[in-house]
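Asks: Generate coordinates for the sequence data below:
(chains A and B)
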Protein chains: 2
Amino acid sequence: MSTPYSYEQLYNFSRTIFIKIGCNETDAVTATKALLSADLRGVDSHGVARLSGYIRLWETERVNAKPAIKMIHETPSTGVIDGDRGLGLVVAPFAMQVAIEKARAVGTGWVSVKNSNHFGIAGHHAMMALEHDMIGIAMTNASALVAPTFSKERLLGTNPIAVAIPAGKEPAFVADFATTTAANGKLEILQRKNLEVPGGWVLTKDGIPSNNANEMKAGGLLLPLGGDKEHGSHKGYALGAIVDIFSAILSGANYGPWVPPFPAYIPMPENMPGEGIGHFFGVMRIDAFRKADEFKEHMDKWITRFRQAKTIAGQEKVIIPGDPEREMEVERMLNGIPLLPVVVADLEALSNKFKVAF
Amino acid sequence: MSTPYSYEQLYNFSRTIFIKIGCNETDAVTATKALLSADLRGVDSHGVARLSGYIRLWETERVNAKPAIKMIHETPSTGVIDGDRGLGLVVAPFAMQVAIEKARAVGTGWVSVKNSNHFGIAGHHAMMALEHDMIGIAMTNASALVAPTFSKERLLGTNPIAVAIPAGKEPAFVADFATTTAANGKLEILQRKNLEVPGGWVLTKDGIPSNNANEMKAGGLLLPLGGDKEHGSHKGYALGAIVDIFSAILSGANYGPWVPPFPAYIPMPENMPGEGIGHFFGVMRIDAFRKADEFKEHMDKWITRFRQAKTIAGQEKVIIPGDPEREMEVERMLNGIPLLPVVVADLEALSNKFKVAF
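Replies: Numbers count the residues shown, from 1 in each chain, chains lettered A, B, ... in the order given. Alright, predicted model coming up:
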């Protein structure tokens, strides 16, 4: 890790790069906030480390920097949005805003999105609902890396789910997780340390259990949450499948093995059945169910009880979903965001290419 | 396993027992269909094996056989229902029907339920949406048996999630799973065979990993899907928590360690913060997003592609969620439902007590 970079520096740089590729000021700010929320929250694999990847998608015309995002079908509580190949970092907040407005009007809003691209971290979008005293849900499909239970083919993405729930005096409950045993980013950490991965994370390309942290580079497969059938991987597979269907089959995006890859150098799948990648968003107004104050009091009670739970040996406390990311955000806002040398080199290359000071 | 019993025999018996405790004819039929769908679908732990348990809850006045189930709060797309201590087998279909009607009106319907009881299998309720070309979602909390990651206290139930999605020529996609590595019923199967349970299923009451199939009887803890932190148990814990919050904190039911136990002989928790147990239901009309025919064509394509996936050694095919249960239902409707001697004895005891021929 290098010296930490300040949020401001990375913010100004990323925003300027997005403007350089043609984003308007509003979209550049929206995209930058979504991108950097990953760095702040400690999901380093999804932050500025991916900025050059987004730019390469723009260079190969898979990303449209000036999308005309539009609603193509709607009812009072639902909508389908065509992202017009925009950055997912921009399309997703647009769709969440639609869901929030629908929830304001009729209690809940549910929006499926096609023709989009990678949207960063799901949690950032889900959390947009919190300030309105609403529950936010965000999910997305992604290019196939994951083998359904009993399969040795890559048919699902890591298909994350995020759910953000307001509390009162306690901080919000924010769950944000890939539907695999471990996300790709965790494998990369072990690669760098030259360590083996635990069982239940990956298979070789021939479908044999592996402990090799480099297995994915050799055509290996990530495993659904649970790892194998005996440990409930059919549940992780079902969750990933539900994310795929809600995100893409409801909207008309690509699904399963046909989801476009993030790296621009990988060719697009053949015979794609839809447009772009798909997302799904849900928003529920708390007071569409119950007075918000009452709800929040009980959330505080729930959180307090779980936080006080007796722990197993070697552990100090039970974690409420969202705790580590929130603490990381405070820490990094104060002390800066550490970047790996390879990420710094990537940003410097962008700096040279676009003549933007880093 | 004893000789199989016909669906008709078990149906007539269960229906009559529900009438004997005071259910009206409609409720008795609704409850019986929900109960027996578990036996038909092969979820033996949740079918007639539990009939005597429901009756004991009625005997101790935890179940009200003549509930005045009512909506206590609503918006166009949401509702909160007070189950009036009714059988969950009756309250849940009532709530799903409300969600279906709301989906018909405004695209989706979302209903949280308090003051209910055990509702049988989640999948049965979720599947109510299918005939209307709607997606159905059902979840419920349950009394605490599960340790959140790092905890050695029972704070969550097995909190299942079911999602039923219509297809075209292919059968519907129906996922229905506990948010634990393994459900209690699977432990019981291994107990009877005198086998050990795999790692990642249970802890001793002191929070130490165990392979003892009888661990739960000694105060042990079920583990969230994932098993331990290294295998993603914080994701299973988050899923169980979300089910708990949607089912109980949105509605005003009990949550966490305060959810009432199913066995009537176990005393109620002290200082309960809500009423009864909670459920959560969601229904989304397909054509609130996209023409139903288009959606179903793509579902067929999705299902066909996954079914044809290449398999790992030793496995013949990749399973689509709902396949095994649907096949079991056909088989058992034809050849009858096998019951364990202990279940038969239980039903015979009910037969004697209520003077109903078995």
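Asks: for the stretch 201-350 of chain A, what spans make up the strands?
Replies: A:202-203, A:209-210, A:221-222, A:277-285 (DSSP state E, counting those that start in this stretch).
Asks: okay, now the domains of chain A?
Replies: Segmentation of chain A into domains, based on automatic domain parsing, reads A:7-181+A:223-288, A:182-222.
Asks: Reformat those as TSV; add mean pLDDT, mean neighbour count and distance to B:Met272.
Replies: (C-beta placed from N, C-alpha, C; glycine too.) Converted to TSV, the domains of chain A look like this (pLDDT from 0 to 100; neighbours: other Cβ atoms under 10 Å in any protein chain shown; distance: least, Cβ to Cβ, whole Å):
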stretch	mean pLDDT	mean neighbour count	distance to B:Met272
domain A:7-181+A:223-288	98	23	20
domain A:182-222	92	18	38
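Asks: In JSON lines, list those along with distance to B:His279.
Replies: JSON lines is the format used below for the domains of chain A (distance: least, Cβ to Cβ, whole Å):
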{"stretch": "domain A:7-181+A:223-288", "distance to B:His279": "15"}
{"stretch": "domain A:182-222", "distance to B:His279": "31"}
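Asks: Save the ones you listed as CSV, and put in distance to chain B too.
Replies: What follows is the domains of chain A, written out as CSV (distance: least, Cβ to the nearest Cβ, whole Å):
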stretch, distance to chain B
domain A:7-181+A:223-288, 3
domain A:182-222, 4
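Asks: Quick one: the helices in chain A, in order.
Replies: Ranges of helices in chain A, per DSSP state H, are A:7-20, A:25-41, A:51-59, A:88-106, A:122-126, A:184-192, A:233-244, A:292-307, A:323-335, A:341-354.
Asks: okay if I get those helices as TSV plus distance to B:Met139?
Replies: Below are the helices of chain A laid out as TSV (distance: least, Cβ to Cβ, whole Å):
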stretch	distance to B:Met139
helix A:7-20	38
helix A:25-41	27
helix A:51-59	36
helix A:88-106	20
helix A:122-126	18
helix A:184-192	28
helix A:233-244	13
helix A:292-307	16
helix A:323-335	24
helix A:341-354	40
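Asks: Out of those, which gets nearest to A:Pro209?
Replies: Closest of those to A:Pro209 is helix A:233-244, at 11.7 Å (criterion: Cβ to Cβ).
Asks: hey, C-alpha coordinates of the closest one in PDB?
Replies: Extracted in PDB, the C-alpha atoms of helix A:233-244 (Å, rounded to 0.1, in the frame of the first residue of the first chain):
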ATOM      1  CA  SER A 233     -24.800 -23.900  -2.100                       C
ATOM      2  CA  HIS A 234     -28.200 -24.500  -3.800                       C
ATOM      3  CA  LYS A 235     -29.400 -21.600  -1.700                       C
ATOM      4  CA  GLY A 236     -26.600 -19.300  -2.800                       C
ATOM      5  CA  TYR A 237     -27.200 -20.400  -6.400                       C
ATOM      6  CA  ALA A 238     -30.900 -19.700  -6.000                       C
ATOM      7  CA  LEU A 239     -30.100 -16.200  -4.600                       C
ATOM      8  CA  GLY A 240     -27.800 -15.400  -7.500                       C
ATOM      9  CA  ALA A 241     -30.500 -16.700  -9.900                       C
ATOM     10  CA  ILE A 242     -33.200 -14.500  -8.400                       C
ATOM     11  CA  VAL A 243     -30.900 -11.400  -8.700                       C
ATOM     12  CA  ASP A 244     -30.300 -12.400 -12.400                       C
END
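Asks: need the contact list for the residue lying farthest from the centre of chain A.
Replies: Most distant residue from the mean C-alpha position of chain A: A:Ala313, 32.4 Å away (Cα atoms, centre = their mean). By Cβ atoms under 8 Å, 6 or more residues apart in numbering or on different chains, A:Ala313 lies in contact with B:207-208.
Asks: What about it? Give its phi and psi, please.
Replies: phi -60, psi 140 (degrees, to the nearest 10).
Asks: where does it land on pLDDT?
Replies: The per-residue pLDDT reported for A:Ala313 equals 96.
Asks: Just list the residues touching the residue minimising distance to the centre of chain A, thanks.
Replies: By Cα atoms, centre = their mean, chain A has its centre lying nearest to A:Ile121, at 2.8 Å. Contacts for A:Ile121 were tallied using Cβ under 8 Å, 6+ apart; they are A:34, A:37-38, A:41, A:43, A:46, A:160, A:162, A:176.
Asks: Next: A:Ala34.
Replies: With contact taken as Cβ under 8 Å, 6+ apart, A:Ala34 is in contact with A:89-90, A:92-93, A:119-121, A:124-125.
Asks: quick one: which two of those are the most distant?
Replies: By the measure Cβ to Cβ, A:Val90 and A:Ile121 form the most distant pair in the contacts of A:Ala34, at 14.5 Å.
Asks: How many residues are close by the closest residue to chain B within the stretch 251-358 of chain A?
Replies: Using Cβ to the nearest Cβ, A:Ile312 is the residue of the stretch 251-358 of chain A that sits closest to chain B, at 3.6 Å. By other Cβ atoms under 10 Å in any protein chain shown, the residues close to A:Ile312 number 19.
Asks: That one contacts B:Gly207, correct?
Replies: Yes - counting by Cβ atoms under 8 Å, A:Ile312 touches B:Gly207, with 3.6 Å between them.
Asks: Need the overlap of contacts for those two.
Replies: The contact sets of A:Ile312 and B:Gly207 overlap at B:147, B:151-152 (Cβ under 8 Å, 6+ apart).
Asks: Against chain A, which of the residues you listed make the cut? List them.
Replies: B:147, B:151-152 (Cβ under 8 Å from any Cβ of the partner chain).
Asks: from the residues you listed, which is closest to A:Val343?
Replies: Once Cβ to Cβ is applied, the member of those that ends up nearest A:Val343 is B:Ser151, at 35.8 Å.
Asks: Name the nearest residue to that closest one, sequence neighbours excluded.
Replies: Nearest non-adjacent residue to B:Ser151, counting by Cβ to Cβ, 6 or more residues apart in numbering or on different chains: A:Ala309, 4.2 Å away.
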